[in-house]
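> I would like to see how this sequence folds:
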Amino acid sequence: MTLAARHVPVDVRPRLTPAEFRDEYVNRAPVVMRGAVADMPAAATWSASHLGAVAPDLAVRLKVGRVSEGRTATTTLSDYARRLGEWEAAAAGSEDPGDPPGYLHDVPLLSMIPSLRADLEPFPAEYFPPFFRDRWWEFTQFFIGPSRALTPLHFDTLLTHNLFFQLHGGKRFVMVDAADRARCHPTGWRWSPVDPEAPDLDRYPDFREATVRTCVVEAGDLLYMPPGTLHKVTSLSSSVSFNIDWHDRRSALRGLLAVREGMPVRNLGYNLLFALGVVGRAPRGLVMPGLRSYYSYIS
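Numbering: from 1, shown residues only. Predicted coordinates:
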């Protein structure tokens, strides 16, 4: 019997061409593209304090407590940046600096502050299917938070591809292949009680057969995860990042069938809209109004 999960490396590459990306990784395996977006101004200048100075009075909703609990509070961006800075200063010299100031999670920042879009150019829109390219900013979801922030093992709710952009700070991703979902003893639709870095194999014996991949992303890096990849995320410092969840034809059709696996019916509605755009080639203007609620709630 295998005594522990199998650990395999994540490929680390320089920026890939769109053809290399599609042919070698899409629907196949995760990859880190080291420094792929380091030429974006945001990778050199953004931080929570920078964003707080750009839009100090912007009201934002943040997660408090454990990320998976979904509890929220409202504050201004400048107040959050101030409290985050104070907490990080305390955390630098303490093992127990107290409760962190929360986590800005799934924030549609470019819809709230459109002027920030210029700091994300040149944007690699060619990595995405045509439905997502021309107005890529409508699909971005931002994460701004403290060091030590932790999101437990889970997969993305719509079974989308995930292209993750790290702009400030660093994060550690511990991933489990989608094929090993059942070995992660899932609860609900998308969460797992297993800590892939220190699994309790007496409680979760099936995890012995899982394949685990670990990587660190830093400012300027891109991380790709195929649909259904389970991932635990730990912030190694205060950080700013965003991702784009996207479907191709294959994943859009699988997303429609996932309701038979327990995907919530609400999510089926979102995947139906994506399928209309990606597979049915419905005009984006017809599809996006129904998707806006997905890009404006904290998952």
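
> contacts and neighbour counts: CA atoms only from here.
Noted.

> tell me the secondary structure of residue 195, please.
Residue 195 carries the three-state label coil when classified by DSSP: H, G, I helix; E, B strand; the rest coil.

> quick one: low-confidence ranges for this structure?
Filtered on pLDDT under 70, the chain yields the residue ranges 1-3, 66-70, 297-299.

> tell me the centre residue of it?
The C-alpha lying nearest the average C-alpha coordinate of the chain belongs to residue 243 (Cα atoms, centre = their mean; 5.0 Å).

> so that one, which of the three states?
Residue 243 falls in the strand class when you classify it by three-state DSSP.

> ok, what's across the strand from it?
residue 141, residue 164 (DSSP bridges).

> contacting residues for it?
140-142, 162-165 (Cα atoms under 8 Å, 6 or more residues apart in numbering).

> and residue 268, by the same measure?
For residue 268, the residues meeting the contact criterion (Cα under 8 Å, 6+ apart) are 158, 255-256, 258-259.

> filter those residues to the buried ones?
158, 255-256, 258 (16 or more other Cα atoms under 10 Å).

> just the strands in this structure please.
Counting by DSSP state E, one finds strands in the chain at the ranges 6-9, 11-13, 31-33, 59-64, 71-76, 104-107, 140-145, 150-154, 161-168, 170-176, 211-218, 222-225, 230-235, 239-246.

> ok, the closest residue to residue 12 other than its chain neighbours - contacts?
Nearest-residue entry for residue 12: residue 32, 4.8 Å, with adjacent residues in sequence omitted and distances by Cα to Cα, 6 or more residues apart in numbering. Taking Cα under 8 Å, 6+ apart as the criterion, residue 32 is in contact with 10-13, 215, 217, 221-224.

> and residue 32, how far from residue 224?
As judged by Cα to Cα, to the nearest Å, residue 32 and residue 224 stand 7 Å apart.

> quick revisit: and which of the buried ones among the contacts of residue 268 is nearest to residue 149?
Closest to residue 149 out of the buried ones among the contacts of residue 268 is residue 158 (23.2 Å), distances taken as Cα to Cα.

> quick one: end-to-end length of stretch 176-185, please.
12 Å.

> only the buried residues of that stretch, if you could.
Of the residues in stretch 176-185, those buried under the neighbour-count criterion (16+ other Cα under 10 Å) are 176-178, 180-181, 183-185.

> and stretch 254-270, by the same measure?
Taking 16+ other Cα under 10 Å as the basis for neighbour counts, the residues of stretch 254-270 that come out buried are 254-256, 258, 263, 267-268, 270.

> just those now: which is nearest residue 132?
Using Cα to Cα, those come closest to residue 132 at residue 270, 14.9 Å.
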